[in-house]
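Peer 1: Build the 3D model from these lines:
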Amino acid sequence: MQLQQLQYFVAVAETRHFTRAAEVVHVAQPSLSQQIKALERELGADLFLRARGNITLTDAGEALLPLARRILADADTARHEVQELAQLRRGRVRLGATPSLCTGLLPDVLRAFHDRYPGIQLLIEEGGSHDLVRELARGALDLALVVLPLPTASPALTTVELLREDLVVVSSPESPRPGGGRRAVRITDLEGERLVMFRHGYDLRELTVAACRSAGFEPDFAVEGGEMDAVLGFVRAGLGMAVVPRMVAARSGRGLRVTPLARPGLHRTIALAHRSDVAPPRAARELQRMLLER
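Peer 2: Residues are numbered from 1 along each chain as shown. From the prediction side, this is the model:
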């Protein structure tokens, strides 16, 4: 049973005339008649009583008519749904990002994407790179903004480098200036300073701790275990200083003193990742394009 055959059947049922039905569906009358006969053979029953100048539905035809109309209506709905998705009028994007990127990078890009494609639903998941890689692998995300390098045991992912971001030191304006008031501080200047530190598994924690140990000392934590908003709040309260991305400091600078790190400084590389074996949906590919062109 083909949709075209059902379309021809409904046209004949509504016009009660084979020639007029053929005109309605824009097909030659012999072709329409052949398709109706093929449908009757497949169903094993006549659908019309054919008398000169008088076409009526059989009991089988009466039973099929509402079903055929519903099938054609559902097919039309499906066609429109797919077309809307293909034209980015509907759909969704599941994007993972670290909390610092949700604060610093994403707001402007997501606003531009939403303005252009208001029908696309944006689902954002915050997490560390390790967590986001795991969610990508199990198909729970379309794209993820992760910090390179990825864990050695990562699944097969395609990554595109997005940006290389400087890290800075933030402190309360009421607290003593780090590094004795110099315009830029060295990692060694953090020795003996009380730090507000992110939770375990947080990329910035691992990067900061590794830098301190490379400089020959263990960092001293005033408080630890927070996400980005909590860390910034603790710094504003004067509990200690923290190392955060420059974009986050720029957006959250109110109530914070921002001091750059002296060369070579600290940096992190952000990449956009997706599974290598599955192409992202079209809406996700469009968001990917906007992120890469930002």
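Peer 1: Name the residues of the helix or strand containing residue 163 that are buried.
Peer 2: Element membership of residue 163, judged by DSSP states H and E, is strand 157-171. Along strand 157-171, these residues count as buried under the neighbour rule (16 or more other CB atoms under 10 Å): 157, 159, 162, 163, 165, 167, 168, 169, 170, 171. All C-beta spots, glycine's among them, are computed from the backbone N, C-alpha and C.
Peer 1: How about the second one: which residues does it bridge to?
Peer 2: So the one you mean is residue 159. Listed by DSSP bridges, the beta-bridge partners for residue 159 are residue 273.
Peer 1: One more: the last one?
Peer 2: Residue 171 has the following beta-bridge partners by DSSP bridges: residue 257.
Peer 1: Contacts only, for it.
Peer 2: 177, 178, 235, 240, 241, 242, 256, 257, 259 (CB atoms under 8 Å, 6 or more residues apart in numbering).
Peer 1: Which residues belonging to the helix or strand of the chain with the lowest mean pLDDT are considered buried?
Peer 2: In the chain, no helix or strand scores lower on mean pLDDT, DSSP states H and E than helix 99-104, which sits at a mean of 82. For helix 99-104, the neighbour count (16+ other CB under 10 Å) marks 99, 100, 101, 102, 103, 104 as buried.
Peer 1: how would you label the closest residue to the fifth one other than its chain neighbours: helix, strand or coil?
Peer 2: So the one you mean is residue 103. Of all residues not flanking residue 103 in the chain, residue 248 sits nearest, at 5.1 Å (CB to CB, 6 or more residues apart in numbering). What DSSP: H, G, I helix; E, B strand; the rest coil gives for residue 248 is helix.
Peer 1: right, and residue 248 touches residue 228 too?
Peer 2: Yes - here residue 248 reaches residue 228: they are 6.6 Å apart, a contact under CB atoms under 8 Å.
Peer 1: higher neighbour count, these two?
Peer 2: Of the pair residue 248 and residue 228, residue 248 is the one with more neighbours under other CB atoms under 10 Å, namely 28 against 23.
Peer 1: That one: what's it in contact with?
Peer 2: 100, 103, 104, 228, 232.
Peer 1: In this structure the third one contacts residue 268, no?
Peer 2: Translated: residue 104. No - taking contacts as CB under 8 Å, residue 104 lies outside contact range of residue 268: 11.5 Å.
Peer 1: ok, residue 156 - contacts?
Peer 2: 275, 276, 277.
Peer 1: what packs against whichever strand or helix holds residue 31?
Peer 2: Per DSSP H and E, residue 31 falls inside helix 29-43. In terms of contacts (3 or more CB pairs under 8 Å, 6 or more residues apart in numbering; DSSP states H and E), helix 29-43 is packed against helix 3-15, helix 18-24.
Peer 1: part of a strand, is residue 269?
Peer 2: Yes - Residue 269: assigned to a strand according to three-state DSSP.
Peer 1: Name the residues linked to it by a beta bridge.
Peer 2: residue 148, residue 164.
Peer 1: Do I have it right that it meets residue 160?
Peer 2: No - applying CB under 8 Å, one finds residue 269 not in contact with residue 160, separated by 11.3 Å.
Peer 1: ok, the residue nearest to residue 174 when sequence neighbours are not counted - contacts?
Peer 2: In space, and not counting its chain neighbours, residue 174 is closest to residue 238: 5.9 Å by CB to CB, 6+ apart. Residues near residue 238 by CB under 8 Å, 6+ apart: 172, 174, 175.
Peer 1: That concludes my questions; thank you for your assistance.
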